[in-house]
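Novice: quick one: sequence and predicted model below, then my questions.
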Amino acid sequence: MRAMVLHAVGPVEGNPLREETRERPTPGGRQVLVRIDHCGVCRTDLHIVEGELPPVLPSVTPGHEIVGRVAAVGSAVKRFRDGDRVGIPWLHRTCGHCEYCTTGRENLCAEKQFTGYTVDGGYTEYALGEEEYVLPLPDRDAVGLAPFLCAGIIGYRALKLVLPQPGGRIGFFGFGASAHLTLQVAVKLGYQAVAYSRTPDHLRLARQLGAVETVLTSDPSWESRAASLDSAIDFAPAGETVPSALRELKKGGTLAIPAIHMSPIPALEYDRLLFGERRLLSVEANTREDAQEFLALAVRHRLQSTTVSRPLREANEALQDLKAGRVTGAVVLDCA
């Protein structure tokens, strides 16, 4: 099978992923082998490839927004059979018995494994998933489903943690793959969404998806705005956006940061940016319950992902586009 493999971290402009031919894996026990149709390209993949997340394997196939069909199952698998439409997400497995796993907080498990980071992922034609962590998916367009598997799930978890009173205003900073799905959920649930981005194309998409207001952050005049948000989510991996997002929060508001990696946050003025019971909250990964809830909402409200498709061999170029901000919505690799 073909795979795009990372052997040494480095800037994506240097094309660090190499196309290789590898043996198709064989599922054992409770493993599920998935024939991949599409795999989304996530900013976490960029952090892995460029080494902002330290390597844990000598080589790895990135990718954790995997959509495909079951090709084979291990002898102990009961939930799936050949041909089922399924997804393999970022959370690959957890220990199942620590204080976090036994109290509904498996996303904090110290022994959790990650698809495309601590185990091989989806920039290939076949991948293994663990039965209890593989997600059943609706039998619909695989390209559009791929961003749901991380961008949608982590955004939904962040949204749950910041929900204001019904009808409140929620800000979305860094309008990429995750924000464009999470904003749709917020709008469908009756909240007012405000999108912030330095890219006009991103703001045009936000308005199409129901944002009541958009703010172009490349225009310095926006920094003189009065605080108007009840809560916010900062999807940008740049620490300098945090003070700006906090400045937009009214008293009692919460800012969630679902980034797995972020550049240093500048010193915060406590009196101006945090005082008034404003809260700053990090969001780590997600639970399987988050995934199930989000996918149910996505089907019920007919969420749509805006995607650009590239062939598997162009994984380096896809990551370059993501890094440069040339992607509106999400970029997805065609692995079939």
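Specialist: Alright, I've got the coordinates.
Novice: is residue 150 in contact with residue 63, as I believe?
Specialist: No - using Cβ atoms under 8 Å as the test, residue 150 is too far from residue 63 to be in contact (9.8 Å). No exception for glycine: its C-beta is placed from N, CA and C like everyone else's.
Novice: overlap in contacts of the two?
Specialist: By Cβ atoms under 8 Å, 6 or more residues apart in numbering, residue 150 and residue 63 have these common neighbours: residue 40.
Novice: more crowded one of the two?
Specialist: Higher neighbour count among residue 150 and residue 63: residue 63, with 35 against 30, using other Cβ atoms under 10 Å.
Novice: give me the element that one is part of.
Specialist: Using DSSP states H and E, residue 63 is not contained in any helix or strand.
Novice: residues contacting it?
Specialist: 39-41, 45, 115-116, 121-124, 127, 333.
Novice: which of the three states applies to the residue nearest to residue 46 when sequence neighbours are not counted?
Specialist: Leaving aside its chain neighbours, residue 46 sits nearest to residue 319 (5.4 Å; criterion: Cβ to Cβ, 6 or more residues apart in numbering). At residue 319 the chain is in helix, as set by DSSP: H, G, I helix; E, B strand; the rest coil.
Novice: numbering from 37 from now on, please.
Specialist: Okay, using 37 as the starting number, the last item reads as residue 355.
Novice: wait, residue 355 sits on residue 85?
Specialist: Yes - assessed by Cβ under 8 Å, residue 355 is found in contact with residue 85 at 6.1 Å.
Novice: more crowded one of the two?
Specialist: Between residue 355 and residue 85, residue 355 has the larger neighbour count (other Cβ under 10 Å), namely 28 against 25.
Novice: so where do the strands sit in the stretch 187-336 of the chain?
Specialist: Taking DSSP state E, counting those that start in this stretch as the criterion, the stretch 187-336 of the chain carries its strands at 205-209, 228-233, 249-252, 265-270, 285-293, 315-318.
Novice: now the angle between strand 205-209 and the second one, please.
Specialist: Which is strand 228-233. 20 degrees (axes from the mean of the first three to the mean of the last three Cα atoms, to 10 degrees).
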